[in-house]
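Enquirer: Quick check, what structure comes out for this input:
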Amino acid sequence: MKGRRVSQISRLLFSVLTLCLSGAVGWSVLRIWREGAARRGEDPLAVIYSPESAAAYGRRLLPLLLLWLVSLGAALFLGRGSRERLPRGAVVMRPVREAAKPRLRGLLLALALLLILLGILDGGARQVLVKAVNICTECIGLG
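Expert: Take a look at the predicted model:
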């Protein structure tokens, strides 16, 4: 009983840290974009996403990432022995809310389409095309 409680707490901690880490990464991406957009307002040819800015924000997130990895290991290790032993070949059926699956898929599809549209409107598709053309022309020796 005590081992099961510790396993539940470790999984809860892992879930909370996962949410915190995803929020921190999202916030960092938003700040990098805002800083780059401000630079682009001053100079239209300025680079929005640079390896230096990503590395600076990545260093800030490193302690949280390490804590998340430790909690992942703890959740996996502590959750290993807490499952009930079942006879070999036993099938465990868990109730799944079938009505929620199509809604979730639709929500994720709508979110993906929205983000793709925002990327196209922001000029991301043009930047990718220009970089691809530059790489291809350099590779075959035209540039």
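Enquirer: And the next helix or strand past whichever strand or helix holds S7?
Expert: Using DSSP states H and E, S7 maps to helix 2-42. Proceeding N to C from helix 2-42, the next assigned helix or strand is helix 51-80, under DSSP H and E.
Enquirer: So the spatially most central residue of the chain versus A46, what's the distance?
Expert: Nearest to the mean C-alpha position of the chain, by CA atoms, centre = their mean, lies S22 at 6.2 Å. Plainly put, S22 is 28 Å away from A46 if you go by CB to CB, to the nearest Å. Just so you know, the C-beta spots here come from the backbone N, C-alpha and C atoms, and that holds for glycine as well.
Enquirer: which regions of this structure lie under the pLDDT threshold?
Expert: Within the chain, the ranges that satisfy pLDDT under 70 run 1-3, 79-86, 91-100, 141-143.
Enquirer: coming back round to it: got the angle between the helix holding S7 and helix 51-80?
Expert: Put simply, helix 2-42 runs at 170 degrees to helix 51-80, going by axes from the mean of the first three to the mean of the last three CA atoms, to 10 degrees.
Enquirer: now for helix 2-42, which elements pack on it?
Expert: Applying 3 or more CB pairs under 8 Å, 6 or more residues apart in numbering; DSSP states H and E, we find helix 2-42 packed against helix 51-80.
Enquirer: From the contact counts, what lies against the helix it packs on?
Expert: Contacts defined by 3+ CB pairs under 8 Å, 6+ apart place helix 51-80 against helix 2-42.
Enquirer: chain center to the helix it packs on: distance?
Expert: Mean C-alpha position of helix 2-42 versus that of the full chain (CA atoms, centre = their mean, to the nearest Å) differs by 9 Å.
Enquirer: Give the burial count for L121, as a bare number.
Expert: Per other CB atoms under 10 Å, the neighbour tally for L121 reads 9.
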